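> Return a 3D structure for these sequence lines:
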Amino acid sequence: MVTEQVGRGSDEGDVTRADSLAREIFAGVANKWALLIINVLGERTLRFTELRNVVEGISHKMLARTLRGLERDGLVRRTVYAEVPPRVDYRLTEAGAALRDTVNGMCAWTRRYLNEIEAARRRFDA
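Numbering: from 1, shown residues only. Reported below is the predicted structural model:
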């Protein structure tokens, strides 16, 4: 009997595989909060409270969770300063800035096709 071991080998980048690392990364960045944070941080370095004020509607907990995930994936760099009160800044890494180009393309696509999508939804829902 031959047993095949399933793991993260050469198939890590195969997005069609359920155990793909690429799929895991997509799940982390392909949500509304991550995309908005990446877009906002592309403009400048921000503190946590500044980010929360700019990204309308995000809770403290969701912002912290999303930033941790983006930092884990190497897209956001968190810098802690030994000051009183403590200061923590967030900025995009090189990989995060490259992803922002893709996010900006998605935003441009959305602006271009927004009216068509709204019309299609109205037709579908009718």
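
> just the strands in this structure please.
Using DSSP state E, the strands of the chain run over 46-47, 76-81, 87-92.

> now for the first one, which elements pack on it?
Meaning strand 46-47. When contacts are defined as 3 or more C-beta pairs under 8 Å, 6 or more residues apart in numbering; DSSP states H and E, strand 46-47 sits against strand 87-92. The way it works is simple: take the backbone N, C-alpha and C, and place the C-beta from them, glycine included.

> residues of the strand it packs on that come out buried?
With burial defined by 16 or more other C-beta atoms under 10 Å, the residues of strand 87-92 counted as buried are 89-90, 92.

> Could you do stretch 44-60 as well?
In stretch 44-60, counting by 16+ other C-beta under 10 Å, buried: 46, 48, 51-52, 54-55, 58.

> same question for that stretch, mean pLDDT?
Averaged across stretch 44-60, the pLDDT comes to 95.

> List of residues touching it?
33, 36-37, 40-41, 63-64, 66-67, 87-91 (C-beta atoms under 8 Å, 6 or more residues apart in numbering).

> try 6 Å this time
33, 36, 40, 63, 88-91 (C-beta atoms under 6 Å, 6 or more residues apart in numbering).

> Same list (those) but as CSV, adding distance to residue 98 and pLDDT.
Output for the contacts of stretch 44-60, formatted as CSV (distance: C-beta to C-beta, whole Å; pLDDT from 0 to 100):
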residue, distance to residue 98, pLDDT
33, 19, 94
36, 17, 92
40, 16, 93
63, 22, 97
88, 24, 92
89, 20, 96
90, 17, 97
91, 14, 97
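
> low pLDDT regions in the protein?
1-13, 15 (pLDDT under 70).

> any idea where the helices of it begin and end?
Using DSSP state H, the helices of the chain run over 21-29, 32-41, 48-54, 60-72, 94-125.
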